[in-house]
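Enquirer: next comes the sequence, and after it the predicted model I'd like to discuss.
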Amino acid sequence: MASDRRMRLMSLRICLLVYVHTSFPSWALAPYQGPKPPWNYKGYNSFPAFYFGANESGLENSSWLPFVAQHQVAGWGWQQNFHSVGQDRWHYSQQEVSLAQMASRMATYMEVTPASPQKRLQALFVYRHLEVAEWYFTTSATAFHDPGNRDMFLHDKNGHICWDNFDNTGPYWNFSSPRVTEWFLNEVAAEIVREANVQAVFFDETDYLYCGGTAGNCSADVHTGAEGLAQYRAKLQLLRSLALKLNAANVWPIYSSYNGYSDLPWRDCVMPFDEYYTALQDVGWIRFYEYGIGATSPSPAWDSQATLAQALRESELGLPVMIRAQPHGAGATLPLGLFLLAQNDFWYLGISTGWLDENWQWWSEYEKLYGHPLGPAELKSDGWHRSFQRCQVFVSKDLSTAKITLTDGVFII
Ligand SMILES: *[C@@H]1O[C@H](CO)[C@@H](O)[C@H](O)[C@H]1NC(C)=O
Ligand SMILES: *[C@@H]1O[C@H](CO)[C@@H](O)[C@H](O)[C@H]1NC(C)=O
Ligand SMILES: *[C@@H]1O[C@H](CO)[C@@H](O)[C@H](O)[C@H]1NC(C)=O
Ligand SMILES: *[C@@H]1O[C@H](CO)[C@@H](O)[C@H](O)[C@H]1NC(C)=O
């Protein structure tokens, strides 16, 4: 009897311990409370694939549009029409117009062609850079062509402006300059909200410089240490103001970041993602991963994948996320399996070998129906498991293989 009671007390205590542990996690970040994007999430009824290509020679032709329309979200990168707009850096090249034209062409296709189950597109996005004032965007070029704006860009100790010498696309903004925030709100965001047919904007490299990147022809001291910290902090306030301004016009920013939570480091950033997340915890935005979420440990490589643990944390907090991943070998199953472990509302996946049209394909896995997740992913002795209404997802412990078992008996390996 006594031992029985002790057993009951013990199991009660274990329950309490488990309860305390799950309700007061050590990382203690508030759940994401931003508004939902202005479209309904349909990613449990058909696969939430996104498209992020570009045609360097011009508008995508009429046979390409049905392919793009299969995705729930689609947009175009800086390479769009680049052979025309990217000719001469001293001229004003209106990349904004190229991207807006492509979005309008796609929106028109959606409107004038008959509805079909293959037409799943709900949101279109355009591209902007958020680190380099790229010379083929008019709103950035007008900033740096004006010598009176030199203080808006990073410079070395001799006053020489730092240029991106990776592809020579422009000088680096100095986000510690309050005039840069004004420029982004009054010029960049104001221009975007005037565009028709755009529901989202992809902002490239919100923190590449502050997470181990290089500032072109300048040395690291311009964007590391206290200098980098001040710029990154100022930039987070800009991301917040930008989101508020765009949200008011029903446009959702997609922020590409290389940062991880303090206990889940990914790259060597000047400060952890906790501050980034907290600054944006109550505004509408989508976090973007450029190189997938398959890593088990941090890596400083510029194209390193984020850790799965980081994505699982964001899923638990309820943050919307878009993941662009490389195929594994020739297959989509591993990036798909990793995505399914973390999928939550407003999570999207794009699997491609690059950023041009020909690098994207419609994977057969996108045609399968996985349904709603029945709980979070669980780590067992052999690896990660997650149950869905219509499948079981398994990813090995070292994240190198995945198996998705559809409950109707069809296997994808
Ligand atoms: C890309 O643009 C060129 C020039 O307009 C066109 O000939 C080609 O068909 C386009 N490619 C795709 C995939 O739309
Ligand atoms: C569209 O572009 C693709 C890729 O270049 C090409 O295969 C296809 O024939 C083009 N279609 C039209 C209608 O031009
Ligand atoms: C960035 O701007 C701040 C504020 O104007 C200035 O103090 C700082 O020197 C600038 N940093 C660089 C690297 O240009
Ligand atoms: C970097 O390159 C740009 C463009 O070529 C040049 O104007 C600038 O002075 C250079 N900056 C440094 C720090 O060398």
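Expert: That came through fine. In this text the structure is predicted, and so the values were computed from the model without any measurement. Residues are numbered from 1 along each chain as shown. Ligands and ions are numbered 1, 2, ... in the order given.

Enquirer: residue in the stretch 151-300 of the chain nearest to ligand 1?
Expert: Asn197 (18.0 Å; C-beta to the nearest ligand atom). In short, each C-beta sits where N, CA and C put it, glycine included.

Enquirer: now do the chain
Expert: Nearest residue of the chain to ligand 1 (C-beta to the nearest ligand atom) works out as Gly58 at 2.9 Å.

Enquirer: how many residues are close by the nearest residue to that residue once chain neighbours are set aside?
Expert: With C-beta to C-beta, 6 or more residues apart in numbering as the criterion, Gly58 has its nearest non-adjacent residue at 5.6 Å, and that residue is Asn81. Neighbour count of Asn81, defined by other C-beta atoms under 10 Å: 25.

Enquirer: can you pull the contacts of Asn81?
Expert: Contact analysis of Asn81 by C-beta atoms under 8 Å, 6 or more residues apart in numbering lists 54-59, 95, 98, 102.

Enquirer: also Ile192?
Expert: Per C-beta under 8 Å, 6+ apart, neighbours of Ile192: 126, 128, 198, 201, 246, 251.

Enquirer: packing partners for the strand or helix carrying the first one?
Expert: In this case it means Val126. Secondary structure assignment for Val126, by DSSP states H and E: strand 123-129. Packing contacts for strand 123-129, counted by 3 or more C-beta pairs under 8 Å, 6 or more residues apart in numbering; DSSP states H and E, involve strand 73-76, helix 95-112, strand 200-204.

Enquirer: any residue of the first one touching ligand 1?
Expert: No - for strand 73-76, no contact with ligand 1 is found by C-beta under 6 Å from any ligand atom; the gap never falls below 11.1 Å.

Enquirer: quick one: mean pLDDT over that strand.
Expert: What strand 73-76 shows for mean pLDDT is 98.

Enquirer: just stretch 130-144 next, same as before
Expert: 93.

Enquirer: and that stretch, end to end?
Expert: 14 Å (C-alpha to C-alpha, to the nearest Å).

Enquirer: pull out the buried residues from that stretch.
Expert: Neighbour counts over stretch 130-144 (16 or more other C-beta atoms under 10 Å) mark 130-141, 143-144 as buried.

Enquirer: so of the contacts of Asn81, which two are at opposite extremes in space?
Expert: Ser57 and Gln95 (14.5 Å; C-beta to C-beta).

Enquirer: who's more crowded, these two?
Expert: Gln95 (28 against 13).

Enquirer: tell me the contacts of the more buried one?
Expert: 78, 80-81, 85, 134, 136-138.
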